[in-house]
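A.B. asks: coordinates only, sequence not included:
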């Protein structure tokens, strides 16, 4: 069976989950260094004015005169602002008129009532919840060392790059009459619009 190596994002883009539903052995990279401007701490949704970035603030280590690489799994969330309230408010505003928002609302809302310490732990929690909502039986492995060039694995870690433009097949979106179809948004956009058909849509893109 094919092995696919991925980073774990915050409610990652559709392209990320297109890999996850493949008949393959999924591995999540747990030993990489944290990098800014990636889907590790940001997700993009469809707001009334187009693309809307939701960013989880994180704490960075600042050591004078020292260039420090911080492990992704060691990055802590910065709770000095109420980002949870802002993210949930934005999600409700963007998707409360979508076909399936009410169907998943009570499952997702509790994520934003807690104050998780580590970013990676929170992202795993989000991922597990998505699997439950989509009734996706998910078995995966976690890496124990960082491999620059993994052998016998399909390296798809570049999908974590928030600047990477990927075109996917259109589906119905709430505001597309105003701004047109926006490609490769958060998996939440697909789920709130397609509901139980989400997995079928993803598998049809393989």
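C.D. replies: Looks like it came in fine. Keep in mind it's a predicted model, so treat the numbers as computed, not measured.

A.B. asks: residue 19 is in what secondary structure piece?
C.D. replies: Under DSSP states H and E, the secondary-structure element containing residue 19 is helix 14-20.

A.B. asks: how far does that helix sit from its chain's centre?
C.D. replies: Using Cα atoms, centre = their mean, to the nearest Å, the distance from the centre of helix 14-20 to the centre of the chain it belongs to is 10 Å.

A.B. asks: for it, give me every contacting residue.
C.D. replies: For helix 14-20, contacts defined as Cβ atoms under 8 Å, 6 or more residues apart in numbering pick out 4, 6, 9, 26, 39, 136, 138, 156, 159-160, 166, 168, 184-187, 189-190, 202, 205-206. C-beta coordinates here come from the backbone N, C-alpha and C atoms, glycine included.

A.B. asks: and residue 77, backbone torsions?
C.D. replies: Torsion angles at residue 77 (phi, psi; degrees, to the nearest 10) stand at phi -80, psi 140.

A.B. asks: show me the contacts for the residue nearest to it when sequence neighbours are not counted.
C.D. replies: Once its chain neighbours are removed from consideration, residue 77 has its nearest residue in residue 119; the separation is 5.5 Å (Cβ to Cβ, 6 or more residues apart in numbering). Residue 119 is in contact with 10, 40, 41, 56, 58, 72, 75, 76, 77, counting by Cβ under 8 Å, 6+ apart.

A.B. asks: export these to JSON lines and tack on neighbour count, pLDDT and secondary structure?
C.D. replies: Output for those, formatted as JSON lines (neighbours: other Cβ atoms under 10 Å; pLDDT from 0 to 100; DSSP: H, G, I helix; E, B strand; the rest coil):
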{"residue": "10", "neighbour count": "21", "pLDDT": "98", "secondary structure": "coil"}
{"residue": "40", "neighbour count": "23", "pLDDT": "97", "secondary structure": "coil"}
{"residue": "41", "neighbour count": "26", "pLDDT": "97", "secondary structure": "coil"}
{"residue": "56", "neighbour count": "19", "pLDDT": "98", "secondary structure": "coil"}
{"residue": "58", "neighbour count": "16", "pLDDT": "96", "secondary structure": "strand"}
{"residue": "72", "neighbour count": "22", "pLDDT": "95", "secondary structure": "helix"}
{"residue": "75", "neighbour count": "21", "pLDDT": "95", "secondary structure": "coil"}
{"residue": "76", "neighbour count": "15", "pLDDT": "96", "secondary structure": "strand"}
{"residue": "77", "neighbour count": "19", "pLDDT": "97", "secondary structure": "strand"}
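
A.B. asks: show me the two of those residues that sit farthest apart.
C.D. replies: Greatest spatial distance among these (Cβ to Cβ): 10 and 76, at 14.4 Å.

A.B. asks: which stretches of the chain have low pLDDT?
C.D. replies: Regions of the chain meeting the criterion pLDDT under 70 cover residues 61-68.

A.B. asks: where do the strands sit along it?
C.D. replies: 3-6, 25-28, 42-47, 50-55, 58-59, 76-77, 140-142, 154-155 (DSSP state E).
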